[in-house]
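> with the input below, show me the fold.
(chains A, B, C and D)
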Protein chains: 2
Amino acid sequence: MLKISKKADYALMALQHIASVQFGDVTPGRVVNTKEIAEEYNIPLELLAKVLQVLSKNGLIESHNGPKGGYLLARSARQITIAQIIESIEGPLAITDCSHEKAGEFCMQLEHCNIRTPLLKIQDSIYQLLNNMTLGDMMGGTPLITIQSPSAQGVER
Amino acid sequence: MLKISKKADYALMALQHIASVQFGDVTPGRVVNTKEIAEEYNIPLELLAKVLQVLSKNGLIESHNGPKGGYLLARSARQITIAQIIESIEGPLAITDCSHEKAGEFCMQLEHCNIRTPLLKIQDSIYQLLNNMTLGDMMGGTPLITIQSPSAQGVER
DNA sequence: CTTAGTCCGACCACATTGATCGGAGATCAT
DNA sequence: ATGATCTCCGATCAATGTGGTCGGACTAAG
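Alright, predicted model coming up:
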């Protein structure tokens, strides 16, 4: 199914929200705390907190402690790619077990077969795909319009 | 991590093996049984048997029962795509939970957020990637396809 | 008819993920 | 300075899904 985890989902939602607040027209530069995001999107508070922890530890967002504290994007929304977000939560992208290890040590089945090379090629293509789309692209370029109009985006098929 | 399951891995290995036997120079047209594949690649026999069951039920391979029986590709190696193989084992490609369901029914968090549309776009791109590569390509005959990136980018990495 | 082989269902154990709880440290308001 | 929030971070628990196994029924060759 090639599913991405719910934590990564939450991370994407949270970052998108922070970005739209920070660069929006209403209250630009405002910090956003965990509770606000959790209530807005019906995400379990503690789980979201942990996700945001990881994101800040990996340098995607900055945390400000104490009352009136919260989170801020560490850099521009166009400098944060989807790949960075997902890998920050789920670890390095690995489509198959023997992606990063030396095959032959851990993977007895792959020593005789040649599906490894094409799989790595596919993995690399997926990585490029995720690394070429940024948070800024996800927001549609313009400040938070949250409509889903199928005509707005030309989905190539 | 976006990992594909081991079953799907086994399916790819098995199909690649069957294809190389069937269209190879040594014994073209020979049927291949489960045991042969399992021993060749160190795959648990029973598990591989179940994988091949599913593949045959989904019309990717033909099963011949009884002694001297085994499996045969149902069509040419160039007519079988990686996407078909993986989806045959793991079900339809769904990068996120609300890919095929109607959002708002199952997914309370996504009703307010706009990460759904870009995620579906990414999913579609991945599907194209997997559907443009065939078993024949995996056997090293032809160079691999070139990936096409989604519309918006321009990020240095 | 016997036998070797495949087909097919149900079944179990482990790992990962999703989710929760409790406490410590830091900062702002009073 | 003190208290009250709020973030930070560790450990912990439950559930879903995956990897792997077992036993029986059916089929075709000898």
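
> so what's the residue count around A:Ser56?
Neighbour count for A:Ser56, taken as other CB atoms under 10 Å in any protein chain shown: 17. The C-beta positions use only the backbone N, C-alpha and C, and glycine is treated the same way.

> my bad, A:Ala8
Neighbour count of A:Ala8, defined by other CB under 10 Å: 21.

> where's it relative to DNA strand C, distance?
If you measure A:Ala8 against DNA strand C using CB to the nearest atom of the strand, to the nearest Å, the figure is 7 Å.

> that's a helix at A:Gly59, yeah?
No: counting by DSSP: H, G, I helix; E, B strand; the rest coil, A:Gly59 is not part of a helix but coil.

> start and end of stretch A:78-93, how far apart?
Terminal residues of stretch A:78-93 are spaced 21 Å apart (CA to CA, to the nearest Å).

> over to stretch A:48-68?
18 Å.

> pull out the buried positions in that stretch.
Across stretch A:48-68, burial judged by 16 or more other CB atoms under 10 Å in any protein chain shown covers A:48, A:51-52, A:55-56, A:60-61, A:63.

> show the model's pLDDT score for A:Pro150.
pLDDT, A:Pro150: 37.

> cool, A:Glu90 as well?
A:Glu90 is given a pLDDT of 89.

> got it, and the one 4 residues further on?
At A:Ala94 the predicted local distance difference test score is 87.

> leaving aside the residues next to it on the chain, what's closest to it?
Counting by CB to CB, 6 or more residues apart in numbering or on different chains, A:Ala94 lies nearest to B:Met1, which is 5.2 Å off, once chain neighbours are set aside.

> assign a three-state SS to the one you found, would you?
Put simply, B:Met1 is coil when judged by three-state DSSP.

> count of neighbours near it?
Neighbour count of B:Met1, defined by other CB under 10 Å: 17.

> that one touches A:Gly91, doesn't it?
Yes: the criterion here is CB atoms under 8 Å, and B:Met1 meets it with A:Gly91 at 5.9 Å.

> need the contact list for the residue nearest to A:Ile85 when sequence neighbours are not counted.
Nearest non-adjacent residue to A:Ile85, counting by CB to CB, 6+ apart: A:Ala11, 5.4 Å away. Applying CB atoms under 8 Å, 6 or more residues apart in numbering or on different chains, we find A:Ala11 in contact with A:51, A:54-55, A:85-86, A:88-89.

> A:Gln16 now?
Each residue near A:Gln16 by CB under 8 Å, 6+ apart is listed here: A:135, A:138-139, B:113-115.
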